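>>> here is the input, now give the coordinates:
(chains A, B and C)
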Amino acid sequence: MKVAYEKPKVEKTIKSDLELTNEEKKELYALVLKSRMFDERFRKLFRAGRFAGTYFSGVGQEATAVVPCYKLLPQDFVGPSHRELGCSIARMPLRQIAAQIYARSHSPDKGKSHPCSYGYKPSNIITPAFTIGAQAVLATGVALAFKIRKEPYVALSFVGEGATAHGPWYEAVNFSAVHKLPNVFVVQNNLWGESVHARLVAAFEDFSHRAEGVGMFGVSIDGNDVLKVWETVASAIARARHGEGPTLIEMKTYRWYGHSEIDPADYRQPEEVEFWKKKDPIARYEKYLLDNRLLSPEEKKRIEAKLEAEIEEAVEYAEGGEYAPAEWALEDVYADFKVEAPDR
Amino acid sequence: MKVAYEKPPSETPSEFGLSPKEKKELYYLLLKCRMFDERFRKLFRAGRFAGTYFSAVGQEATTVVPSYKLLPQDFIGPAHRELGCNIVRSPLKVIAAQIYARANSPDKGLSHPCHYGYKPANIITPASTVAGQSVLAVGVALAYKIRKEPYVALAFVGEGGTAMGPWYEAVNFAAVHKLPVVFIVQNNLWGESVPARLVGAFEDFSHRADGVGMPGVSIDGNDVLKVWETTAPAVARARRGEGPTLIEMKTYRWYGHSEIDPADYRPKEEVEYWKKRDPIPAYEKYLMGNKKLTLEEKKQIEEKIDKEIDEAVEFAEAADYGPVEWVLGDVYADFKADAPDRP
Amino acid sequence: MGRVITYIDAITEALDQEMARDERVFLIGEDIGLYGGVFKATKGLQKKYGEYRVIDSPISENLIVGAGIGSALVGMRPVPEIQFADFVSPAMDQIVQQAAKIRYRTGGAWSVPLVVRICCGGDVGGGLYHSQMNEAWFVHCPGLKVVMPSNPHDAKGLLLAAIRDPDPVLYFEHKRLYRSVKGEVPEGDYTVPIGPAEVKKTGKDITIVAYALMLVWGMEAAEKLEKEGISCEVIDLKTLLPIDKKTILESVKKTGKALLLQEAPKTAGVMAEISAIITEEVFDYLDAPVMRLAGLDVPPIPFAPPYEKFYLPTVDRIMKKARQLKAY
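Numbers count the residues shown, from 1 in each chain, chains lettered A, B, ... in the order given. Below you'll find the predicted structure:
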């Protein structure tokens, strides 16, 4: 029997306008806010001991993760790292995200990976590995498949500035540049790779220079400017979708809290943290919307109330689950057989 | 007991200009590299040694010249085609012995014929994992920096090796810490059978340096004096603590990846084009034109080299393979491996 | 008698036929296209299928495997090649952290139907960096399957099975066998299942377990030993993960003596696991200690020809060890 590719299921028309409608701008606001509120809520839940493991907050970095994933096609692929809650907020049901964090039986990964390893097959977001930068390699492979099959889809991958020192990440961006693959490589420069400062990671401040080393188009932008992120990513995606090759986008941003909730982040200066808190992407975007009368204070309140309810419902859903039976540990190793459990 | 670094000696060479005598010496070294190489191609074809042979004919300038006038403490991390580094820094006998893999080989015959390395010359025996030695060179340079020593590490790869993650990690780290390394990328257009266009999205591999914030430059690697004028200041810069440099040298290997490779993936015209750009006759013409070399001298040099090569081959061929028990040594410093079920 | 071809031709034929049958299959690796592979295993395939079905990659082993994994996530059937097993180390990250774990870490949502072809093995004068047998590194990684054929029939059948398998398979091919071993190979489509070992020769005194080159040499030794009155049962393991315990244990129960052959260094190799399985499960049937004949515990394999011979578990050494075991 001859095997052929499955036919792409969507219309091949590609939206070319990069402009967001007023409605879309508001929707984007609701999404970045959802990411923030969900995140703050889960920090509290972690501190209250409501779930095991740890929690990696993405607060402060909402724009760099939420905005690039907005309005992607379902077939577009997202390769996140552990801090890309925002990607999942834009593409996944909130319940699934909450369930992932609680690691119960109804988590997308059945509780096998780790709380913040957000991934969900129906959303085409791969559950990340903790080998930083590795999802960029997978995204390159996905983009290669799209190119081989002549499909108009795009693969996004997310790393921090720290991972751009990693050999596998470089092999991936180089290969993508050589073959003009439909990739967008997002580098979120939040100045700190866990506790290592960016100055120990590269000999420059603008990580878009990485692109020059592989002959790729690269740009550095303010990652806390929601509309700037949108314009830059949307045009990069359009370029990739039209077969014009990959783009590397450095987005300068900042994580407000520690690497994880158990990290006091005392390696950073309080002044630096304060400086960046003043550049909060959500407050800035909100001000833009309010100033331009695209959002009213009443609407804002309604959105917040709606998000509260959604989050409440997601937490309830997550907490309503039990841990999976221990025997599940033996499954999902191979498709065709379970491993044995001697002496258990 | 407290352990301190050994103190370095103080001399450092500073001149980039070559004296007429040095220019002639450089010519002698290049020619020696070429003649030795062609001789060993023949010896391989005659079945005189085992394994295979990786010829570097055509690429003499990119390896001989950067290794010229280094300090003994400077370190070299070569790949398998860097015969030239050894021609400058190792005795010819030792190189020949390495290829014959006999008991008198520097590695006792354990590694591989063209894995030229020699501890007294501070050249590490390469691994076949291409670019691996660039990572080592960075580690060496880090040690120099920690100990505040005025030494330099040279790392050689082909353009193909620059696609390797480990190479990138090494150049990035060297740039961040301004380590005393000179990265030499010999772009010979082909990584075994893979053309450079499938390795980098550009023609000038010095762009790699931009990706890590390091000074980078692309030069004609077949122009002996150009290679010298570029490498010597880069070495001096590194020695002064001003950081690393990446130098792309455009060159060409005349023959296959190894002697068993017919290299039929390359167009004939390309090979012919590059043979016309042979680094050695061009340099010879320059020397003769400037009356720094006479025909008579050239003949004398050739005769001298021939004799040296004869001696080296004799030395290599006279030895036996090492006793098989040597297989069990050099695994650890403090004990030999077992040999169960062996005679 | 059917058609007889070499081990390497069987591999080329399997790739060719599967690429013709399944357009999801593509190859990526160093020197595999324009050059047709350093051993010519992919000869002619780029011409036939084009530059994006047979992709000449840069020297980026992590990418070669990692891009394969990524493409598998969205429905391709990649067959990346690692030119020499010695060069798989930069790709370990992708094989171990991604391929082996993706099904598990996603609770079964995603899978990685990937075959990494890895050219391995000694007795070819390859020296330290072109001779290694490092299959044991991967046998320690649940989530992977590891196979290694010893003859052309299995080379084709196992490769086709591997490409159609829903999980990542490391397919080791022994370069010493490429052109030295010939055998009958059906022209059409067939698979050799991943998992089962095969009794290649029945016997009553000693069970020999081996794979790849050691199987070939083990068979040669067994035939010579037969003339000395030592009857060996020889098992070709074929799949190293998961291990076919049943075939091994049944044989050892019958013979009471096991000789395990391994080209890789002795310590913590595949045969250490087989030995443990035998002693754990059929200790009462054993008439002698389980014996291993293996490579030496040195960074394999030293170059100079006498060194290499010293390193390898040769036919003579196998026979000597078998006599020792018989006499125990």
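>>> for A:Arg302, see how far away the residue of the stretch 201-328 of chain C found nearest chain B is.
Across the stretch 201-328 of chain C, no residue is closer to chain B than C:Ala304, which sits at 3.4 Å (C-beta to the nearest C-beta). Any C-beta I mention is one placed from the backbone N, CA and C, and that applies to glycine too. C:Ala304 is 81 Å from A:Arg302, where distance means C-beta to C-beta, to the nearest Å.
>>> can you get me a residue count around residue 225?
If you meant another chain, say so; for now it's chain A. Neighbour count for A:Asp225, taken as other C-beta atoms under 10 Å in any protein chain shown: 21.
>>> that's the other chain; I wanted chain C
Count around C:Leu225 with other C-beta under 10 Å applied: 21.
>>> now swap in C:Asp167 and tell me
Neighbours of C:Asp167 (other C-beta under 10 Å): 23.
>>> how close does it get to C:Leu34?
31 Å.
>>> just A:Val315 next, same as before
57 Å.
>>> C:Ala304 and A:Arg302: which is more packed in?
It is C:Ala304, of C:Ala304 and A:Arg302, that has more neighbours when counted by other C-beta under 10 Å, with 30 against 12.
>>> my read: the more buried one touches B:Ala319, true?
No. Look at C:Ala304 against B:Ala319 with C-beta atoms under 8 Å: they stay out of range, at 10.7 Å.
>>> overlap in contacts, these two.
B:Arg102 (C-beta atoms under 8 Å, 6 or more residues apart in numbering or on different chains).
>>> find the nearest non-adjacent residue to B:Val324, please.
C:Phe310 (3.9 Å; C-beta to C-beta, 6 or more residues apart in numbering or on different chains).
>>> cool, B:Ser206 as well?
That would be B:Gly216: by C-beta to C-beta, 6+ apart, it lies 3.8 Å from B:Ser206.
>>> check A:Gln61 too.
Counting by C-beta to C-beta, 6+ apart, the residue nearest A:Gln61 is A:Thr253, at 4.9 Å.
>>> ok, that neighbour - contacts?
Contacts of A:Thr253 (C-beta under 8 Å, 6+ apart): A:60-61, A:63-64, A:188-190, A:223-224, A:281.
>>> so which residues of the stretch 51-200 of chain C form helices?
With helices called from DSSP state H, counting those that start in this stretch, the stretch 51-200 of chain C shows them at C:61-73, C:92, C:102-105, C:135-139, C:152-164.
>>> ugh, wrong one, chain A
Remark: helices assigned in chain A by DSSP state H are A:22-47, A:62-69, A:85-91, A:94-102, A:134-148, A:167-178, A:209-212, A:226-241, A:270-277, A:281-291, A:297-319.
>>> so the fifth one versus helix A:167-178, what angle?
In terms of direction (axes from the mean of the first three to the mean of the last three C-alpha atoms, to 10 degrees), helix A:134-148 departs from helix A:167-178 by 20 degrees.
>>> I'd like the distance from helix A:134-148 to the chain centre, please.
16 Å (C-alpha atoms, centre = their mean, to the nearest Å).
>>> so for stretch B:317-324, mean pLDDT?
The average pLDDT for stretch B:317-324 rounds to 96.
>>> what's the end-to-end length of it?
Stretch B:317-324 has an end-to-end distance of 18 Å (criterion: C-alpha to C-alpha, to the nearest Å).
>>> what sits against the most centrally placed residue in chain B?
By C-alpha atoms, centre = their mean, chain B has its centre lying nearest to B:Glu82, at 2.9 Å. Contact analysis of B:Glu82 by C-beta under 8 Å, 6+ apart lists B:56, B:63, B:76, B:116, B:126, B:156.
>>> mind checking pLDDT for the last one?
The pLDDT attached to B:Phe156 in the predicted structure is 97.
>>> list the beta-bridge partners for it.
B:Phe156 forms beta bridges with B:Ile184, as assigned by DSSP bridges.
>>> test my guess that A:Lys279 contacts A:Trp256.
No. Using C-beta under 8 Å, A:Lys279 is not in contact with A:Trp256; the gap is 10.8 Å.
>>> closest to chain C out of the helices of chain A?
So among these, helix A:134-148 is nearest, using C-beta to the nearest C-beta, at 2.1 Å.
>>> do the closest one and chain C meet at all?
Yes. Contact of helix A:134-148 with chain C (C-beta under 8 Å from any C-beta of the partner chain) involves A:134, A:137-148.
>>> what packs against that helix?
Judged by 3 or more C-beta pairs under 8 Å, 6 or more residues apart in numbering or on different chains; DSSP states H and E, helix A:134-148 is in contact with strand A:77-79, strand A:155-160, helix A:167-178, strand A:183-189, helix C:61-73.
>>> which one of these lies closest to B:Leu18?
helix A:167-178 (37.2 Å; C-beta to C-beta).
>>> and the contacts of A:Thr253, which two are the farthest apart?
Every pair of the contacts of A:Thr253 checked by C-beta to C-beta; the farthest is A:Asn189 and A:Pro281, at 14.0 Å.
>>> quick check: the gap between the spatially most central residue of chain C and chain B.
With distances taken as C-alpha atoms, centre = their mean, the residue of chain C nearest its centroid is C:Met148 (1.7 Å). Counting by C-beta to the nearest C-beta, to the nearest Å, the separation of C:Met148 from chain B is 22 Å.
>>> all strands for the stretch 151-300 of chain B, in order.
B:153-158, B:181-187, B:190-191, B:194-195, B:216-220, B:245-250 (DSSP state E, counting those that start in this stretch).
>>> next: the stretch 151-300 of chain C.
Under DSSP E, counting those that start in this stretch, the stretch 151-300 of chain C gives strands at C:169-174, C:182-184, C:198-201, C:206-210, C:232-236, C:239-241, C:258-265, C:291-295.
>>> hang on, isn't A:Phe56 packed against A:Ser117?
No. Using C-beta under 8 Å, A:Phe56 is not in contact with A:Ser117; the gap is 9.5 Å.
>>> hey, what's in contact with both of the two?
Common neighbours of A:Phe56 and A:Ser117 (C-beta under 8 Å, 6+ apart) are A:His82.
>>> what's around the residue of the stretch 51-200 of chain C found nearest chain A, how many residues?
Taking C-beta to the nearest C-beta as the measure, the point where the stretch 51-200 of chain C comes nearest chain A is C:Gly70, at 2.1 Å. For C:Gly70, the neighbour count with other C-beta under 10 Å is 34.
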